[in-house]
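1. structural data only, the sequence is not supplied:
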Ligand code: SME
């Protein structure tokens with residue numbers, strides 16, 4: 001088994017423990033952000049965007065770990081986050097300089113992956129990860145982040 005797989009398995013166990021503790025939803029989400037950011041070297045910004053349940057066409061920044069971002073509200077369709085929300089699928093960009101529909105969070109960000117979170121078949125939130133590395137995300141990251149997204153969906 002590769003080192004990465006061992007790490008991801010451990011982080012899934014730790015996420016499970018976070019979800020079982022007695023703290024509030026946002027505290028748990030923040031703990032998940034911290035867990036991922038601190039343990040996976042190529043995860044430099046980890047955060048959740050939540051769907052505005054009134055309009056259902058906008059994302060609102062939730063708990064995150066990393067540099068503050070000006071992108072607090074993102075309409076569906078805009079940027080990588082908005083495109084993932086509109087298409088309801090994972091959006092992976094290995095080189096953000098090649099993506100024209102992109103909302104920059106700083107020149108040090110080189111790649112990004114956004115994974116939708118579903119509740120009863122509806123998109124309710126997203127897990128967003130920025131990396132300072134070019135092309136750092138593998139199939140293993142995708143599988144891992146999908147598992148995390150499924151687990152945290154119980155909070156929504
Ligand atoms: N880059 C994102 C905006 C959010 S930040 O990465 C935190 C996008 O293009 O949607």
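-> Yep, that arrived. None of the values given here were measured: they were computed from a predicted structure.
2. residue in the protein nearest to the ligand?
-> Closest residue of the chain to the ligand, C-beta to the nearest ligand atom: residue 79 (2.6 Å). Where you see a C-beta, it was placed from the backbone N, CA and C, and this is true even at glycine.
3. now do the contacts for that residue.
-> 71, 101-103 (C-beta atoms under 8 Å, 6 or more residues apart in numbering).
4. show me which pair in the residues you listed is furthest apart.
-> Within the contacts of residue 79, 71 and 101 form the most distant pair, 13.1 Å apart (C-beta to C-beta).
5. for the two, indicate the residue with more neighbours.
-> residue 71 (17 against 12; other C-beta atoms under 10 Å).
6. once you drop chain neighbours, what's closest to that one?
-> residue 103 (5.1 Å; C-beta to C-beta, 6 or more residues apart in numbering).
7. and residue 45, how far from residue 24?
-> 22 Å (C-beta to C-beta, to the nearest Å).
8. give me the more crowded residue out of the two.
-> Comparing residue 45 with residue 24 by neighbour count (other C-beta under 10 Å), the higher total belongs to residue 45, at 22 against 9.
9. for that one, list each beta-bridge partner.
-> Here residue 45 shows beta-bridge partners residue 130, assigned using DSSP bridges.
10. that one and residue 130 touch, don't they?
-> Yes. Judged on C-beta atoms under 8 Å, residue 45 makes contact with residue 130 at a distance of 3.9 Å.
11. so residue 29 sits in a strand?
-> No. With DSSP: H, G, I helix; E, B strand; the rest coil as the criterion, residue 29 is helix rather than part of a strand.
12. Provide a list of residues in contact with residue 114.
-> 80-81, 83-84, 90-92, 126-129 are the contacts of residue 114 under C-beta under 8 Å, 6+ apart.
13. show me what it is bridged to.
-> Here residue 114, judged by DSSP bridges, has bridge partners residue 91, residue 128.
14. per-residue pLDDT of it, please?
-> Reported pLDDT at residue 114 in the predicted model: 98.
15. and the gap between it and residue 72?
-> As judged by C-beta to C-beta, residue 114 and residue 72 stand 16 Å apart.
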